[in-house]
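A.B. asks: I would like the atomic coordinates for the input below:
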Amino acid sequence: MSNLKKSLRTLRFKELFSLSIASGGFVGFLPVCPGTFGALEGAVIFWFFKDFPLLNQTFLTICLSILGILTASWSKPLFNKEDPDEIVIDEIAGMWFSLIGKTNLWEFILGFVLFRVIDITKPFPLKRLESLPSGTGIMADDIAGGILTNALLIVIKLFKPV
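C.D. replies: Have a look, this model is predicted:
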């Protein structure tokens, strides 16, 4: 379990709760591509909210982001890393920002691909957001990447051939 200092049996409830949310239900502990699987998990979960009104989607996404900042902040001390791979709530929230207002499968697929490219390459100034303190730094670059992805999807939809 990476550099996790305590076994799951000795974690206090707050730590275990935080770790389970921050790791996307422990998806973050997958041995390969935890960020990609976290983003995929986010897209699959958001699919169930695709028919909600835009305001509700936005509200849920903001609530998830606040929960993500808190749980990432509480979970981060369990690891000896600045941005632990095991914490994937940032990818889930970023994916949700990418998909606000999107309703069809092609938008979800393109949103997933664009978000992962942006998340991995971290174009300027997204990389600088990682320097924010604690859970805010873990979450901010992915939230901004999700917003950028959503904007790109809007532009692509505006200019697609009829």
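
A.B. asks: contacts for stretch 32-51 next, please.
C.D. replies: Contacts to stretch 32-51, defined as Cβ atoms under 8 Å, 6 or more residues apart in numbering, come from residues 24-25, 27-28, 30, 56-57, 60, 85-86, 88-96, 99, 102-103, 108, 111-112, 115-116, 119-120. Just so you know, the C-beta spots here come from the backbone N, C-alpha and C atoms, and that holds for glycine as well.

A.B. asks: apologies, that question was intended for stretch 80-93.
C.D. replies: Outside of stretch 80-93, the residues within contact range by Cβ under 8 Å, 6+ apart are 1-4, 21-24, 27-29, 34-39, 41-42, 45, 61, 64-65, 67-68, 71-72, 75-76, 79, 119, 130, 137-139, 141-143, 146.

A.B. asks: buried ones in the top helix by length along the chain?
C.D. replies: When the chain is parsed with DSSP state H, its longest helix is helix 134-159. By neighbour count on 16 or more other Cβ atoms under 10 Å, the buried set for helix 134-159 is 135-146, 148-150, 152-153.

A.B. asks: now the contacts of stretch 80-93: which count as buried?
C.D. replies: Buried members of those, counted by 16+ other Cβ under 10 Å: 4, 21-24, 27-29, 34-39, 41-42, 61, 64-65, 67-68, 71-72, 75-76, 79, 119, 130, 137-139, 141-143, 146.

A.B. asks: low pLDDT regions in the protein?
C.D. replies: Where the chain drops to pLDDT under 70, the residues are 1-10, 162.

A.B. asks: in it, what residue spans correspond to strands?
C.D. replies: Per DSSP state E, the chain carries no strands over any range.

A.B. asks: tell me where it has helices.
C.D. replies: 13-22, 34-47, 54-75, 89-99, 105-121, 126-129, 134-159.

A.B. asks: of the contacts of stretch 32-51, just the buried ones, PyMOL syntax please.
C.D. replies: Here is the PyMOL command that selects the buried residues among these (16+ other Cβ under 10 Å):
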select buried, resi 24+27+28+30+57+85+86+88+89+90+91+92+93+94+95+96+99+102+108+111+112+115+116+119
